[in-house]
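Trainee: one predicted model, sequence on top.
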Amino acid sequence: MRKMFILPLAALFMTVCCVCCGSSATATEPGGSGEKQYLVAGVAFYNLENLFDTINQNGNYDLEFSPEGVKMWDSDKYWKKIHNLATAISKLTSENTPYGPAVIGISEIENRSVVEDLVKEVDKMLVADGREPWGLKICHHDSPDRRGVDVGLLYNPAYFELESVNNHRLTVPGEPDFLTRDQMVVTGRLFERPISVIVGHWPSRLGGQSESEHMRVAAAKLAAHIADSLWCENPSTGVVVMGDLNDDPHDKSCAQTLGALRSREQAADHGFYNPFWWILDNGVGSLCYRDKWNLFDQIIVSGNLANGKAGDLQYWKATVHNMPMLRTQSGRYKNYPHRTFSGNNFLNGYSDHFPTQIFLVREV
């Protein structure tokens, strides 16, 4: 097993976020005292923005991302996209997690093949840079989504031991023909402690936020039901809900239906704490639309992770990775995420979302 990095911390209980358009500006909420040592693991999420191959396998829904489509999506553009995303993922490191996140949830992927290409490119880039390859493993499942996009999860087996993967279909009352991404539940052990990660890409705001809200409320109900089932099996397991939720932390689906609170201290063991609520309050988002920042890409932790009762595995801090390389550098959309396309114009960017990450620790 790869060598673990142990972090001495004088003050554990803090939240860290980017509070400007720079990559690492931070603000802290300190507490606690006395130096202790901790193992540190990153848990990240990244919406990969339409990571499609070039083969039309889904009729009209897949035509756009093919050589014959309006975007003229060919092998050259595809491999540039793979290279850019691999570059971004290889940068999801920190002083305390030099080998990258232990777990990375992903969304907007067409199939397992494109994820395999991505993982290989990450290791290729690391080796070229004189770094040790991560050897990320893949969890993937084909969802019934009409556009053919799925969620998935990458994990580093040096830190996370996989035990099971389950997928849950989202249904919306009164809409029998509704199809969207399944919610993936990956259960295992992180630093030998039990944890389950629920990866979702909740229904979009197409047609309007209020008009589509009931679909995201249904998605939040499903996530809450999954968490309750996990706790029935093991009350001490830590649960993480992550994904592109297409809502902000204060919206009904997150704040009320899932019950993800702004206050860490108020979260019940089998409730949820949302560290990205405070980050958005400080003006930092993961995507921008018409000059308004949203923070749809959230990583929400169970109360027993927030308060350290999940087998001594504990939430430490959170961040939005809005590093300069991922931002548009000039023009009308300066500092927006540097996306792949503007309309049908290829920009050779990364994604229209910034990656997000939390850090979990275990005292040693």
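Mentor: It's in.
Trainee: who's in contact with Pro337?
Mentor: 286-288, 322, 326-328, 349-354 (C-beta atoms under 8 Å, 6 or more residues apart in numbering). In short, each C-beta sits where N, CA and C put it, glycine included.
Trainee: now those residues in JSON lines, with neighbour count, pLDDT and distance to Lys77?
Mentor: Formatted as JSON lines, the contacts of Pro337 follow (neighbours: other C-beta atoms under 10 Å; pLDDT from 0 to 100; distance: C-beta to C-beta, whole Å):
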{"residue": "Ser286", "neighbour count": "28", "pLDDT": "98", "distance to Lys77": "24"}
{"residue": "Leu287", "neighbour count": "20", "pLDDT": "98", "distance to Lys77": "22"}
{"residue": "Cys288", "neighbour count": "17", "pLDDT": "97", "distance to Lys77": "23"}
{"residue": "Asn322", "neighbour count": "24", "pLDDT": "98", "distance to Lys77": "24"}
{"residue": "Leu326", "neighbour count": "22", "pLDDT": "98", "distance to Lys77": "18"}
{"residue": "Arg327", "neighbour count": "19", "pLDDT": "98", "distance to Lys77": "21"}
{"residue": "Thr328", "neighbour count": "17", "pLDDT": "97", "distance to Lys77": "18"}
{"residue": "Gly349", "neighbour count": "20", "pLDDT": "98", "distance to Lys77": "11"}
{"residue": "Tyr350", "neighbour count": "24", "pLDDT": "98", "distance to Lys77": "13"}
{"residue": "Ser351", "neighbour count": "25", "pLDDT": "98", "distance to Lys77": "14"}
{"residue": "Asp352", "neighbour count": "20", "pLDDT": "98", "distance to Lys77": "16"}
{"residue": "His353", "neighbour count": "25", "pLDDT": "98", "distance to Lys77": "19"}
{"residue": "Phe354", "neighbour count": "27", "pLDDT": "98", "distance to Lys77": "22"}
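Trainee: just give me the closest of those to Leu154.
Mentor: Within the contacts of Pro337, proximity to Leu154 (C-beta to C-beta) peaks at Ser351, which comes in at 15.2 Å.
Trainee: wait, that closest one touches Leu85, no?
Mentor: Yes: shown here, Ser351 and Leu85 form a contact pair, counting by C-beta atoms under 8 Å, at 7.1 Å.
Trainee: where along the chain do the helices fall?
Mentor: Here the chain has its helices, by DSSP state H, at 60-63, 75-90, 112-128, 209-233, 252, 276-281, 303-306.
Trainee: what's the least confident stretch among those helices?
Mentor: When those are compared by mean pLDDT, helix 60-63 comes last with a mean of 80.
Trainee: now do it: distance to the chain's middle.
Mentor: On the basis of C-alpha atoms, centre = their mean, to the nearest Å, helix 60-63 is displaced by 26 Å from the centre of the chain it belongs to.
Trainee: what does that helix rub up against?
Mentor: Residues contacting helix 60-63 (C-beta under 8 Å, 6+ apart): 52, 55-56, 69, 110, 146-148.
Trainee: ok so, going back, what is in contact with Ser351 and Leu85 at once?
Mentor: 46, 48.
Trainee: reformat the helices of the chain as JSON lines; add distance to Arg339 and mean neighbour count.
Mentor: Below are those laid out as JSON lines (distance: least, C-beta to C-beta, whole Å; neighbours: other C-beta atoms under 10 Å):
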{"stretch": "helix 60-63", "distance to Arg339": "20", "mean neighbour count": "14"}
{"stretch": "helix 75-90", "distance to Arg339": "10", "mean neighbour count": "18"}
{"stretch": "helix 112-128", "distance to Arg339": "17", "mean neighbour count": "17"}
{"stretch": "helix 209-233", "distance to Arg339": "21", "mean neighbour count": "18"}
{"stretch": "helix 252", "distance to Arg339": "28", "mean neighbour count": "15"}
{"stretch": "helix 276-281", "distance to Arg339": "20", "mean neighbour count": "21"}
{"stretch": "helix 303-306", "distance to Arg339": "32", "mean neighbour count": "26"}
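Trainee: wait, which of those is closest to Tyr38?
Mentor: helix 303-306 (13.8 Å).
Trainee: for stretch 303-313, how far is the first residue from the last?
Mentor: End-to-end distance of stretch 303-313 (C-alpha to C-alpha, to the nearest Å): 11 Å.
Trainee: give me the contacts around it.
Mentor: Contacts for stretch 303-313 (C-beta under 8 Å, 6+ apart): 190-191, 193-195, 236-240, 264, 267-273, 302, 314-315, 360-363.
Trainee: just the terminal-to-terminal distance for stretch 269-277.
Mentor: For stretch 269-277, the end-to-end distance is 19 Å (C-alpha to C-alpha).
Trainee: I misspoke; the intended subject was stretch 85-95.
Mentor: 21 Å.
Trainee: got a list of what Ile55 touches?
Mentor: Per C-beta under 8 Å, 6+ apart, neighbours of Ile55: 62, 66.
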